[in-house]
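> here is a sequence together with a model predicted from it:
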Amino acid sequence: MRASFAGILWLLSAAAFLFLIAQPISTDVQWLTAATAIGIGVCIYVLRLQGPWRFVFLAVTSVVVLRYAYWRTTATLPSLDDPLSFVLGMTLYGAEMYCLLMLAMSLFVVADPIDRAPAPFYPDADLPSVDVFVPSYNESSEILSLTLSAAKALDYPAEKLTVWLLDDGGTDQKRLSRDPKVAAAAIRRSEELQELCRALGVSYLTRAANLHAKAGNLNNGLANSRGELVVVFDADHAPAREFLQETVGHFKRDPKLFLVQTPHFFSNPDPLEKNLGTFRSMPSENEMFYHTIQKGLDKWNAAFFCGSAAVLRRAALERVGGFSGVSITEDCETALDLHSKGWNSLYVDKPMVTGLQPDTLASFIGQRSRWCRGMIQILLLKTPAFRSGLTFAQRICYMSSGMFWFFPIMRMIFLVSPLLFILFDFKIFNASVDEFVSYTVTYLVVGELMRNYLYGRVRWPWVSDLYEYIQSVYLFRAILSVIVNPRRPTFNVTDKGQTLDRDRLSELAWPYFLIFGVLAVAMGVAVYRFQTEPEIGGMLLVVGAWNLMNLIVAGAALGVVVERRERRQSPRLSTARRGVLVVDGSQRFAVDVDDVSLSGARLLPKAAMPALGRAASLRLEVLDEDGLELRGAVPVSLVDVSGSDTETVLGIRFDASPTEYGVIADLMLADMEPIRQQRARRRRSRGIVSGSLGFIRWSVAHPLNALRHLVFDRDHSQARDIESAAAPERAPNTGAVGA
């Protein structure tokens, strides 16, 4: 009864709200209404009010958004008397309405995100058995050694934990390939990884053929294991020791729980962070999703599987035939299938893995192309809007997650639209300057205010625009290919751990230069027309400002296409561990481990040390977090000695055998608190004004450097197809996915 009354009250309130939105008012009254709403929103934003104030903020700012939508629909569309302008105008209008729909769905998702309580603790005897799957295709044995060693060291009863390497690079199909090079490489890989697994006490598993890509590999693991729970870690996602302690207990509390997902933390910058130099200061791109959106999805029992750093219930997977393989994003698709069967999911916002991101723009675009095509496949082939078994809220959540990936089409429309008036005089937006300011400008201000209020700690102003623009240039075509043939896409493995010996232009750079040039020319034409055609000066100011915003984003993007030098293949993690450096088997010196990577570490001696020769025999003994208990030892070599008169810094390289990678994993991951502190330090808000000024500085400075590379670099290659921009392609999926 109470729920029915609340529903009726909500509908009546919404009807009254929309009735008021639709009332005709003058431009002056509209300006006053918008200014009042913005003023209230700014007060809530500046005072950082949360709780009930969050809903007040969303309500008052939504007034401006809805007033804009009503005005845009009823007063600005071009006349049918000019058919071409009408078609172009309706295209722009459709893109804007798509953005407003996405805004509405995203506000529904993140209006009230939740933080989960820690998992309950249970005695060892009551804990379920766990299989850890590490699917692999072409990753190096060094990367796999770290991940497998870390998985083997998880804090969990040993008799209930089995770690599996699922090797899709050593299948019968590849080892028996007609290409002798492919066959020889697969045989070498299989033998090497089997020996590694024997040394680490890990189970090795491969299969006959590479069917259904990662989903098929995981299902092969399911068929050959028996654990009640299944954990999935990507090959480059090494877990912290407490991972199972923080996740498994939730399954005991909820028998219908099929998934506990945790965030992905990356120890290296993505191409935008690396090439713009923001990795240490700006929140990571995935923070917006993992810190806010996933918690909002969790509110509606719609947090979904992200492919790694997750625990799943075997019984639930078996009810839907295992991991889904219709799309190339098997993770979200699997979650959709299980949610529609009445199973529950849960999200724990605590980073407990460290992984690798794509290093180059080409591999980044290749990865995002796969995500984009896979999510659109789910929309087209699994139709979450009409999927039986989902709640209304879950339908909205899945539609929001899938429809987001149409952004490249909208971005291109918004990029081209001002050019239609500046260069060709098409009138696709009928409004006076006063109306444009009262409705459109206030709507844009409110949109930025909303983003900063909801996501300010995890996303700086304009950065979303830059990420979307960078991807849109190449993803536009990928979307069209999926719409034409939803079953065509195949799974590509993302290349990671790449190195560059010098700064250079990306092989994908040329379209970004072309777009920047066109926008710059259009800017010059707009200035010329403003001086020579005063009768349309007001509209030229408006459209010119729009084009200028696009030019600013395109200018900053030219900083991204200049790939910065990266010689380090293994990124370093901050740590705060203690150890003992043993010299020639007898001399012992206490050291602090300042940072560590898969290949080496930086040591700070706690007392004066004699000069060390390059030929000295060195061994690093790693102590526990309290500095009391020996955790293991690994042979090392001296690479560098630096520092000052008061502090010596030693750079060492690990000379580890496979069995010693457990010591390195312990050193890197036993205490992830320094990593979490680093993540927290990057989570700092940047105001709209300061963020905008900083972004404009990027857009002014980086094009000059990019143009210098364009002129003087003689060996940058032409852009490749989006399909080859990622790492070498896996064998095409068959069966459900198609050839």
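Yes, it's here.
> so where do the helices sit in the stretch 51-200 of the chain?
In order along the chain, the stretch 51-200 of the chain carries the following helices (DSSP state H, counting those that start in this stretch): 52-75, 83-110, 141-152, 172-175, 180-200.
> out of those helices, flag the one nearest Leu229.
Closest approach to Leu229 among those is made by helix 141-152 (13.6 Å; CB to CB). Placement of C-beta: from N, CA and C, glycine included.
> any low-confidence regions in the stretch 451-600 of the chain?
Low-confidence segments of the stretch 451-600 of the chain (pLDDT under 70): 489-501, 567-569.
> as a markdown table, the helices of the stretch 51-200 of the chain with mean neighbour count would be great.
Shown next, in a markdown table, are these (neighbours: other CB atoms under 10 Å):
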| stretch | mean neighbour count |
| --- | --- |
| helix 52-75 | 18 |
| helix 83-110 | 17 |
| helix 141-152 | 24 |
| helix 172-175 | 18 |
| helix 180-200 | 16 |
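> and Trp510, which of these is closest to it?
Using CB to CB as the measure, helix 83-110 is the one of the helices of the stretch 51-200 of the chain that comes nearest Trp510, at 25.6 Å.
> for that closest one, packing partners?
Using 3 or more CB pairs under 8 Å, 6 or more residues apart in numbering; DSSP states H and E as the contact test, the elements touching helix 83-110 are helix 52-75, helix 294-299, helix 392-403, helix 407-424, helix 442-455.
> who's in contact with the second one?
By that I understand helix 294-299. Helix 294-299 is contacted by residues 109-116, 261, 263, 303-304, 345-347, 349, 397, 401 when judged by CB atoms under 8 Å, 6 or more residues apart in numbering.
> filter the residues you listed to the buried ones?
Neighbour counting with 16 or more other CB atoms under 10 Å marks 109-110, 113, 261, 263, 303-304, 345-347, 349, 397, 401 as buried within those.
> on that earlier part again, so which of the helices and strands packed on helix 83-110 gets nearest Ile664?
Closest approach to Ile664 among those (CB to CB): helix 294-299, 30.1 Å.
> please save the CA atoms from the next helix or strand along the chain from the closest one in PDB.
Where DSSP states H and E defines the elements, the next helix or strand beyond helix 294-299 is strand 310-313. Taking Å, rounded to 0.1, in the frame of the first residue of the first chain, the C-alpha atoms of strand 310-313 are listed here in PDB:
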ATOM      1  CA  ALA A 310      35.800 -10.600 -10.000                       C
ATOM      2  CA  VAL A 311      34.400 -13.600  -8.200                       C
ATOM      3  CA  LEU A 312      31.500 -15.600  -9.700                       C
ATOM      4  CA  ARG A 313      29.400 -18.400  -8.400                       C
END
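> need the contact partners of whichever helix or strand comes after strand 310-313.
Following strand 310-313 in sequence order, the next helix or strand is helix 314-319 (DSSP H and E). Outside of helix 314-319, the residues that reach it under the criterion CB under 8 Å, 6+ apart are Asp131, Leu222, Gly227, Glu228, Leu229, Val230, Phe258, Phe323, Thr334, Leu338, Lys341, Trp343.
> residues of helix 314-319 that come out buried?
For helix 314-319, the neighbour count (16+ other CB under 10 Å) marks Arg314, Ala316, Leu317 as buried.
> go on, stretch 517-531?
If you call a residue buried by 16+ other CB under 10 Å, then stretch 517-531 has these buried ones: Val518, Leu519, Ala522, Met523, Val525, Ala526, Arg529, Phe530.
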